[in-house]
Every structure is written in structure tokens, then in C-alpha cells.
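**Student:** okay, sequence plus prediction incoming.
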Amino acid sequence: MSTAVVAKQRTPVRPARILLHTFLIVTALAWLAPLLWAVFAALRPYSETSNRGYVSWPHKLSFEERAAFIEHLSVKHGLTDREIPSMVLVEHNQVRYVGD
């Protein structure tokens, strides 16, 4: 009995496949860019954003202002973490508590 191993032939990479993968990668990055930009902008301090604008490189990234805002809502209005997202309003690029 012979045990001949048949080598699997690889199909050559066609230009259409390269073009397809390039298109898919570019489309995925274009779709993710606004989400990543929103996270990036959310981590910047408001004072730096107001002085330098949204399209500038930050000096500091942190959650300090977001934590202070949540603490303010918890202390002043007695809200829990679950209630806060439904009570926050964004108006004229300012985040406000609906009850203020």
C-alpha cells in the first residue's frame, strides 16, 4: 500500500483579492475613527479643549472631570450610577443635568 501525500496547490494571490482586503481595512478604519475620536475627546480636560480646540494634541488625558461630574450628580441630586445616563442632557456642546 502506498501512502502518497498529495500536496495541496495554493492558488495565487489575485489583485482583486488585494484590492478587496485593502477596501475592507480602509472601510473598517473609517468606521472606527469617529468612535475613537469621541473617546479621545472625552478624556481631554474641558479647559484644554476650550483653549486649543477639538483638533489639537492633548497635554493630559484623564477621567478626572468625568468622575467629578458623576460625583456632583451623586451628591447634589442623589442619583445612582444607573440613573445618571438617563438624566444627562447635551445642549450647545455643554453637558448638563436635566434637573439643573
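**Tutor:** Sure thing, it's come through.

**Student:** can we go C-alpha only for contacts and neighbour counts from here?
**Tutor:** Noted.

**Student:** show me which residues of the helix or strand where L19 lies are buried.
**Tutor:** In this structure, L19 sits in helix 15-42 according to DSSP states H and E. Taking 16 or more other Cα atoms under 10 Å as the neighbour-count basis, helix 15-42 is seen to contain the buried residues 41-42.

**Student:** run the chain-centre distance for that helix.
**Tutor:** Distance of helix 15-42 from its chain centroid, counting by Cα atoms, centre = their mean, to the nearest Å, is 13 Å.

**Student:** what's the first helix or strand after that helix?
**Tutor:** Using DSSP H and E, the next helix or strand after helix 15-42 towards the C-terminus is helix 46-52.

**Student:** helix or strand right after that following helix?
**Tutor:** Using DSSP H and E, the helix or strand that follows helix 46-52 in sequence is helix 64-77.

**Student:** before we move on, the earlier item: and the angle from the helix holding L19 to helix 64-77?
**Tutor:** For helix 15-42 and helix 64-77, the angle between their directions (axes from the mean of the first three to the mean of the last three Cα atoms, to 10 degrees) works out to 50 degrees.

**Student:** same for helix 15-42, what does it pack against?
**Tutor:** In this structure, helix 15-42 makes packing contacts with no helix or strand, judged by 3 or more Cα pairs under 8 Å, 6 or more residues apart in numbering; DSSP states H and E.

**Student:** neighbours around R44, how many?
**Tutor:** Look at R44: counted by other Cα atoms under 10 Å, it has 21 neighbours.

**Student:** care to break this protein down by domain?
**Tutor:** The record's domain parsing of the chain by automatic domain parsing lists 16-61, 63-100.

**Student:** reformat those as TSV; add mean pLDDT and distance to R10.
**Tutor:** Below are the domains of the chain laid out as TSV (pLDDT from 0 to 100; distance: least, Cα to Cα, whole Å):
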stretch	mean pLDDT	distance to R10
domain 16-61	87	14
domain 63-100	66	51
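
**Student:** nearest to A7, of the ones you listed?
**Tutor:** Nearest to A7, of all these, is domain 16-61, at 23.2 Å by Cα to Cα.

**Student:** the closest one: how far from the chain's middle?
**Tutor:** Chain-centre distance of domain 16-61: 7 Å, with Cα atoms, centre = their mean.
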